[in-house]
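In: Got a predicted structure here, sequence first:
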Amino acid sequence: MPRINASRQITIHCSLVLIVVSLALVLYPQALQAQSQQDDLDVLATWRTYSDAPNLLYKHIASKAYVYLDQRRNKLSSISGKSGWSAYRDSVHVRLATAFGPLPEKTPLNARVTGTFEHQGISVEKILFESRPSFLVSAAFFKPAGAVGRLPAVLYVCGHTEEGFKADTYEKICLNLAQKGFAVLAIDPVGQGERVQYLDQQGNSSILGGTTNEHSYAGVLCLALGRTMAAVRLWDGIRAIDYLLERPDVDPSRIGVHGRSGGGTMSAYLGAMDSRIAAAAPECYISGFARIFQSIGPQDAEQNLLNQLKLGLDHGDFLFARAPRPSLISTTTRDFFSIQGARETFESLKPGFEALGQAGNISMIEDDAPHMSTRANRQRVYAFFMKEFGVAGPADDQDIEVVDSELMRISTTGQVVTSGSRTIHDVISQDAAPLFARLEHSRRNLHDHKRIVAEKALILSGVDLDSGPGEVVFRGGIQRVGYRIEKMILNTDSDLPLPCLALVPRHNKPVPAVLLLNPQGKLPEAARGSLADSLALQGFLVLLPDLPGTGELAANQQGDDSVISGINYNLLFGAQLIGRSVTGIQAGAVCSALEYLASRPDVNPSQISAIAKGTTGAPLLHASLRGNLLQAVALLDSPLSWESIFHSPHYDLAQGATVVPGALEYYDLPDLMGLFAPRKLLVVNPLDGEGKSAGEALRNRINGIGNQFYAKNVKAFAIRNSNGKSISSMLTGWLK
């Protein structure tokens, strides 16, 4: 066997070592990356008490709703006598006016008939009128052919369907009523039939995918102004009554309202808010918010009034408001609007109607069916109006053939928006203009403006600034090169726990800390190569929470009709009912996270900063109103202004979901940025209202507002683009 000399042996050994080391240097980062991808970073998983984590934000909102509903129930139980119920009815009128929000001034209807014809003994007029200037409502007027004199009339408001009132079921009801001797005015709701507002390029259908989406998309803009989509819909109905009263063939003392589903909602609203309506028959809507929160949850924009539950209002109040005028509640037992809620509401109405001397004027009918107009219920509705308005004859429901859709086309193109009408965006923007002007004027007196902003931002958002971290439960640690990940749950003693990850660098002294918020939750930031990873390797302790509605607390969206492009409007409108906002609830969670950071012995409490990505900027800015825990804030790829979502008909849905109801009457996001002065605030790669990179004009405008607040320290406020630079390197110097 050949011998190898010692020097050669050493050379071979060293070569092998170098090869092994080289391989390790190549493969170790890959191994670390694979390991980080396999890290178990879920915090709530395997804990049965949090097995329903996706619904915790919803249940939190519902729990507050139940408190207000209990208070209302206790109030009703204490009322007695005619004077007591009369006083309660009067208070309902005042509270409903507040909850609907301001209504516009009446302007000329400019009604015109676009065509007439007869159909199976029924005269039909196709009508356009303006509920607001150049805002067209498509409608049809039905009455018995050859009828003379003034007829009793019913305003028919249809439910959610793309065809509007021309859907077979709805049109047949109109034809049946006309056959029995009524004049019937049917109108298309905004967003339906010939009134689609967000049309595709062909001008045929909605780009939003459905009628409820059209309502909610516009409804968010209304909310930001302290107004409601309910008021928009209500106003169309009020103006429809105005039109009926202009006609010589309608008896003004015999006007009723009827509709199913969304039309049941509007029937209830109109019956409560328009005293000219003598009889109301809402169908498949009246229930009660306690049962609604237990079942389907709050629905699209127009079905939820501003602060409705906080003001002590429930479904029954729409009928209390009109007491003792006749009302009929039409229901089905398998409706998604809980029949149990309807029965409970009906029972709660009886004492008030009885005390006012008209116990027989409140009635309820049921049929064993799902959410629909059954033949039995239709006949009982016809009989109700015939009795109240003195119309003789049989109440049978006839299977009348509907009118050909082309013959029934009302506007020139089949859509009012392409036939000369303004859009709902135009109308809402018109309402917004004086509010924006008033806000700009308020900024001129900066001292008073700052006080107003600080006060209103807390009240309107409903943020709980006193929420500490509560009980903290440690859930385990994971070692990484350069730092350790700690898993924990904050606020385990509340109904909104906060799952968090802390990236803790290896240091023997307290370190600066960063709260990092991501609208997708903590997991994207916990990956190797992320911004959080970079900051931790630079010596920052980084806390990554899942804000309510994100990450492990992301709302369950499967089968939820209130979800549009991933945004759950069910939560947004539910929060509005209790006088709060999702942004405010999330801001309370941010406060808890900041309190926790300040309490850690390994954190320097004078060096706590926060970074918000995307739409988490809004809750962070609201949370920053709390004391001086934060020394610096950075907003990355964040919206600059709620006002900017009004600048385009097609605003970014995610930005819209952050709005605080009524905020734009008093403040916008730049005002909250300004209140952070003189501490450092950096905005990187800001977005406009469409979710695109903010243009120079918008940047300059927001920069101008910010500089008003930062006049004594202008270098502490900056709006920049990264222009390919490392975000981490831009932030490091800013945060220290």
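Out: Noted; the coordinates are in hand.

In: wait, what's in contact with the nearest residue in space to residue 470 that is not next to it in sequence?
Out: Nearest residue to residue 470 in three dimensions, chain neighbours excluded: residue 491, at 4.0 Å (C-beta to C-beta, 6 or more residues apart in numbering). Just so you know, the C-beta spots here come from the backbone N, C-alpha and C atoms, and that holds for glycine as well. Residues in contact with residue 491 (C-beta atoms under 8 Å, 6 or more residues apart in numbering) are 467, 469-471, 497-498, 589, 592.

In: Relative to residue 547, how far out is residue 491?
Out: 12 Å (C-beta to C-beta, to the nearest Å).

In: Find the residues that touch each one of those two.
Out: With C-beta under 8 Å, 6+ apart, residue 491 and residue 547 have common neighbours 498, 589.

In: Show me the protein divided up by domain.
Out: Segmentation of the chain into domains, based on automatic domain parsing, reads 86-405, 443-462+475-735.

In: Let me have these in CSV, extended by distance to residue 59 and mean pLDDT.
Out: Putting the domains of the chain into CSV (distance: least, C-beta to C-beta, whole Å; pLDDT from 0 to 100) gives the following:
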stretch, distance to residue 59, mean pLDDT
domain 86-405, 9, 97
domain 443-462+475-735, 7, 92
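
In: out of those, which comes closest to residue 72?
Out: If you check each of the domains of the chain against residue 72 by C-beta to C-beta, domain 86-405 wins as the nearest, at 4.7 Å.

In: From the centre of this protein outward, give me the first residue you hit.
Out: residue 572 (3.3 Å; C-alpha atoms, centre = their mean).

In: which ones are touching residue 411?
Out: With C-beta under 8 Å, 6+ apart, residue 411 has these contacts: 114, 128, 136, 138, 194, 418-419, 421.

In: show me what contacts the nearest residue to residue 205 once chain neighbours are set aside?
Out: Across the structure, with C-beta to C-beta, 6+ apart as the measure, the residue nearest residue 205 apart from its sequence neighbours is residue 196 (6.7 Å). Listed by C-beta under 8 Å, 6+ apart, the contact set of residue 196 reads 162, 205-206, 214, 415, 417.

In: Would it be right to say that residue 196 lies in a helix?
Out: No: remark: residue 196 does not belong to a helix; assigned using DSSP: H, G, I helix; E, B strand; the rest coil, it is coil.

In: State the distance from it to residue 133.
Out: Distance from residue 196 to residue 133, by C-beta to C-beta: 20 Å.

In: Check residue 533 too.
Out: Counting by C-beta to C-beta, the gap from residue 533 to residue 133 is 57 Å.

In: out of those two, which sits in the more crowded spot?
Out: residue 533 (20 against 12; other C-beta atoms under 10 Å).

In: Enumerate every residue touching the more buried one.
Out: 503, 525-527.

In: Phi, psi for it please.
Out: Dihedral angles phi and psi of residue 533 (degrees, to the nearest 10) take the values phi -60, psi -50.

In: Can you give me the separation between it and residue 527?
Out: Taken as C-beta to C-beta, the span from residue 533 to residue 527 is 7 Å.

In: any idea which helix or strand comes after the strand or helix carrying residue 185?
Out: Following DSSP states H and E, one finds residue 185 within strand 183-187. As assigned by DSSP H and E, the chain's next helix or strand after strand 183-187 is helix 211-224.

In: In the helix or strand just after that next one, which residues are buried?
Out: Per DSSP H and E, the first helix or strand lying C-terminal to helix 211-224 is helix 229-246. Buried positions in helix 229-246, judged by neighbour count with 16 or more other C-beta atoms under 10 Å: 229-244.

In: One more: stretch 512-529?
Out: Buried-residue list, stretch 512-529, by 16+ other C-beta under 10 Å: 512-519, 521-523, 525-526, 528.

In: give me the number of residues near residue 364?
Out: 17.

In: helix/strand/coil for it?
Out: strand.

In: show me what contacts it?
Out: When contacts are counted by C-beta under 8 Å, 6+ apart, residue 364 is found next to 328-331, 342-343, 346.

In: If we use 7 Å, what do you get?
Out: Residue 364 makes contact with 329, 331, 346 under the criterion C-beta atoms under 7 Å, 6 or more residues apart in numbering.

In: how about the residues you listed in a markdown table, adding neighbour count?
Out: Shown next, in a markdown table, are these (neighbours: other C-beta atoms under 10 Å):
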| residue | neighbour count |
| --- | --- |
| 329 | 27 |
| 331 | 27 |
| 346 | 20 |
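
In: Now do the strands in the stretch 601-736 of the chain.
Out: For the stretch 601-736 of the chain, the strands defined by DSSP state E, counting those that start in this stretch occupy 603-613, 632-636, 680-684, 717-720.

In: I meant to write the stretch 51-200 of the chain there.
Out: Going by DSSP E, counting those that start in this stretch, the stretch 51-200 of the chain shows strands at 112-119, 122-132, 135-144, 151-157, 183-187.

In: okay if I get those strands as CSV plus distance to residue 269 and mean neighbour count?
Out: Formatted as CSV, the strands of the stretch 51-200 of the chain follow (distance: least, C-beta to C-beta, whole Å; neighbours: other C-beta atoms under 10 Å):
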stretch, distance to residue 269, mean neighbour count
strand 112-119, 27, 13
strand 122-132, 14, 21
strand 135-144, 16, 24
strand 151-157, 9, 27
strand 183-187, 14, 27
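
In: okay, those strands in TSV with distance to residue 201 next?
Out: Shown next, in TSV, are the strands of the stretch 51-200 of the chain (distance: least, C-beta to C-beta, whole Å):
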stretch	distance to residue 201
strand 112-119	25
strand 122-132	24
strand 135-144	21
strand 151-157	30
strand 183-187	27
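
In: what's the closest of these to residue 390?
Out: The closest of the strands of the stretch 51-200 of the chain to residue 390 is strand 151-157. By C-beta to C-beta, the value is 7.6 Å.

In: Other residues contacting that closest one?
Out: 143, 165, 170, 173-174, 177, 181-187, 237, 240-241, 244, 249-251, 254-259, 263, 266-267, 385, 389, 391.

In: Outside of stretch 468-479 itself, which residues are in contact with it?
Out: Stretch 468-479 is contacted from outside by 39, 43, 484-494, 592, 595-596, 599, using C-beta under 7 Å, 6+ apart.

In: hmm, 8 Å instead?
Out: 39-41, 43, 484-494, 498, 591-593, 595-596, 599.

In: Look up how far residue 630 lies from residue 613.
Out: To residue 630, residue 613 is 16 Å away according to C-beta to C-beta.

In: ok, now residue 357?
Out: According to C-beta to C-beta, residue 357 and residue 630 sit 62 Å apart.

In: All the helices of the stretch 551-700 of the chain, residue numbers only.
Out: With DSSP state H, counting those that start in this stretch as the definition, the stretch 551-700 of the chain shows helices at residue ranges 569-577, 582-599, 617-623, 653-656, 669-675, 696-709.

In: Which among these is found nearest to residue 224?
Out: helix 653-656 (8.0 Å).

In: Which residue ranges of the stretch 451-600 of the chain form strands?
Out: Using DSSP E, counting those that start in this stretch, strands in the stretch 451-600 of the chain cover 473-480, 483-490, 498-505, 511-517, 541-545, 563-564, 567-568.

In: of all those strands, which lies closest to residue 656?
Out: Closest approach to residue 656 among those is made by strand 567-568 (7.4 Å; C-beta to C-beta).

In: Can you name the residues in contact with stretch 84-98?
Out: Here stretch 84-98 makes contact (C-beta under 8 Å, 6+ apart) with 75-76, 79, 272-273, 305-307, 311-313, 317-318, 320-321, 323, 351-352, 355-356.
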